[in-house]
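*Asks:* make a model of this:
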Amino acid sequence: MDKQPLIPGVQVVEHNWGINDPPADDHAHPGMFKEPEAPMWVFLPAIWPSDRRIWTPVGSYQTMTYCYYPAADRSDTHKRTRTQEEQTEIDNDIDALLAEVGITPRPRGRVHYLEMPTGIFDLKEILESITARAHEEGVEPRCHKAFVLVAIQVIEECFRSTEMG
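*Replies:* Here you go, the predicted model:
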């Protein structure tokens, strides 16, 4: 588990970024899914079983998509590479979210890939299970401590059930 000072009074959540894990090659990773980019899931690679997760260097800054509306009935989409300043701002915002839930900052310059438990063929299926469980337990599905704890429980159950059966 990574342990670094976070926000005073916020208890550290059991997690592991795999700081010392070597990078995987930068080729296709069959059966693995790229970590979600949505802010509500920024913690996911840190709580995923370390033997079922790899990472590759980002290589260059990720792209941003912009929508323009030159006319009321039309939109144009444009992609461009984020500037270093934009990426740093995004990384700082993500690190602040993680600190609020008791997880240390994520290593920068990495893209994580997650291997699914046997019998689960899409990351979306696990994300939907986590969200459904959160709703059942009255937990709002967003990046906060109670949601992270629900996610840990669901992920552990998914891997445990596929390993036993």
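*Asks:* drop to CA atoms for contacts and neighbour counts, all remaining ones
*Replies:* OK.
*Asks:* show me what counts as buried in stretch 102-121.
*Replies:* 102, 103, 104, 105, 106, 111, 112, 113, 114, 115, 116, 117 (16 or more other C-alpha atoms under 10 Å).
*Asks:* next up, phi/psi of the last one, please.
*Replies:* Per-residue torsions, residue 117: phi -60, psi 160 (degrees, to the nearest 10).
*Asks:* distance of residue 32 relative to residue 50?
*Replies:* 13 Å (C-alpha to C-alpha, to the nearest Å).
*Asks:* shared neighbours, these two?
*Replies:* Common contacts of residue 32 and residue 50 (C-alpha atoms under 8 Å, 6 or more residues apart in numbering): none found.
*Asks:* ok, back up a step: quick one: which of the buried residues of stretch 102-121 sit in strands?
*Replies:* Residues of the buried residues of stretch 102-121 located in strands (DSSP state E): 111, 112, 113, 114, 115.
*Asks:* just checking, the third one touches residue 32?
*Replies:* Yes: assessed by C-alpha atoms under 8 Å, residue 113 is found in contact with residue 32 at 5.7 Å.
*Asks:* how about low-confidence regions in this protein?
*Replies:* Applying pLDDT under 70 to the chain picks out residues 1-12, 26-28, 59-76, 78, 162-165.
*Asks:* quick check: longest helix of it.
*Replies:* helix 145-164 (DSSP state H).
*Asks:* contacts for that helix?
*Replies:* Counting by C-alpha under 8 Å, 6+ apart, 43, 47-48, 100-102, 117-119, 126, 129-130, 133-134, 139-141 sit against helix 145-164.
*Asks:* using PyMOL, define a selection of the buried residues within those.
*Replies:* To isolate the buried members of the contacts of helix 145-164 in PyMOL, using 16+ other C-alpha under 10 Å:
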select buried, resi 43+47+48+100+101+102+117+126+129+130+133+134+139+141
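*Asks:* can you flag which of the contacts of helix 145-164 belong to helices?
*Replies:* 47, 100, 101, 126, 129, 130, 133, 134.
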